[in-house]
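Participant: Next come a sequence and a model predicted from it.
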Amino acid sequence: MKNKEFFYQQYNKIDWENQEKTKINSFIYHFIIKNIITKKKGSQIKIFDMGFGIGFFFRILARNLCNNFKEIHLGGCEPSKKNYQYFIKKKSLISGKNTKLKTHHKTFQKVKTKEKFDFITAIYVFPHFSPEDLENITKKIYSMLNKKGQFILIVANEKYLEEKLKDKRDLFIKKNIIQFSGKRYREILHYSDIPKIGKIIDYNREDEYYIDLFKKNKFKLKSKKDLNDSDFIATIFVFERKN
Ligand SMILES: C[S@@+](CC[C@H](N)C(=O)[O-])C[C@H]1O[C@@H](n2cnc3c(N)ncnc32)[C@H](O)[C@@H]1O
């Protein structure tokens, strides 16, 4: 895909704001909060959400973390004009007197910050990154995390998606090979048809590719799990920044 801007501009033509009605991804948000984020010790927490859409995860974070932490710093970026404007309109729903919010209307690649976070989350955002940007993005995530900070990556499960594309061949666009550190990995460009929201274009990559990419860039794989979210299977990887 030559036009990289395409991946966020496509959100200007679909109805991601219907997430408020369908509650898509809520299951994943609650899983992350309960099993990963609330395990952090201390009274302060800093989280950066890449490609936050309309900011639905922020609302759930603010509501669920206010009793666990005295100071909650939420940060994030969202390049789509339509999603960002909707987020601004509904910003007051991200409430909590102990919550501070700082956002960037930019791609993750263009965010400039010296701040460090305990957690960085990417919930179905890596499927929009072009393969040639992935290593720099990984290095940037490393630079924005505290020591032992964690990066939480959510993507569609590789095997689930392969099966789905066999059934619904019209969703398939093309197959690529990524070459990284002497190895070759499969990558598929395809449509995802999201109920009440619309059709978007995504990349799906082999799990091994993400594992090797992060290991090569000073992360340790802490856990990897498949999650069944209303019959859609997602994979959640948790990578920890080494030293
Ligand atoms: C599938 S939506 C998920 C939104 C959100 N994470 C959620 O759970 O609702 C993917 C989001 O990634 C954003 N995105 C696309 N390219 C991006 C980039 N280069 N940097 C940051 N976000 C990007 C899109 O604009 C879109 O809002």
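Facilitator: Nice, thanks for sending it over.
Participant: Beta-bridge partners for the residue lying closest to residue 13 once chain neighbours are set aside, please?
Facilitator: Spatial nearest neighbour of residue 13, excluding adjacent residues (CB to CB, 6 or more residues apart in numbering): residue 198 at 7.2 Å. Placement of C-beta: from N, CA and C, glycine included. Beta-bridge pairing for residue 198 (DSSP bridges): residue 194.
Participant: May I have the residues that are in contact with residue 198?
Facilitator: Taking CB atoms under 8 Å, 6 or more residues apart in numbering, we find residue 198 in contact with 13, 14, 15.
Participant: PyMOL command to pick out the buried ones of these?
Facilitator: Command for PyMOL, covering only those of those found buried under the criterion 16 or more other CB atoms under 10 Å:
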select buried, resi 14
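Participant: can you list the residues of this protein near the ligand?
Facilitator: Contact residues, the chain versus the ligand (CB under 6 Å from any ligand atom): 7-8, 11, 19, 25, 50-53, 56-57, 77-80, 83, 107-109, 123-125, 128.
Participant: Phi and psi next, for residue 103.
Facilitator: Reported as degrees, to the nearest 10, the phi and psi values for residue 103 are phi -120, psi 160.
Participant: could you measure it against the ligand, distance?
Facilitator: According to CB to the nearest ligand atom, to the nearest Å, residue 103 and the ligand sit 11 Å apart.
Participant: just residue 99 next, same as before
Facilitator: Distance of residue 99 to the ligand, computed by CB to the nearest ligand atom: 18 Å.
Participant: pLDDT averaged over the one helix or strand residue 173 maps to - what is it?
Facilitator: According to DSSP states H and E, residue 173 maps onto strand 172-180. For strand 172-180, mean pLDDT is 96.
Participant: Next: stretch 13-27.
Facilitator: The average of the pLDDT scores along stretch 13-27 is 97.
Participant: Who are the contact partners of the residue in the chain sticking out farthest from the centre?
Facilitator: Most distant from the centre of the chain: residue 182, at 26.9 Å, with distances by CA atoms, centre = their mean. Taking CB under 8 Å, 6+ apart, we find residue 182 in contact with no residue.
Participant: one step back: if we go by neighbour counts, what in the strand holding residue 173 is buried?
Facilitator: residue 178.
Participant: That one - contacts with which helices or strands?
Facilitator: Judged by 3 or more CB pairs under 8 Å, 6 or more residues apart in numbering; DSSP states H and E, the packing partners of strand 172-180 are strand 183-194, helix 207-216.
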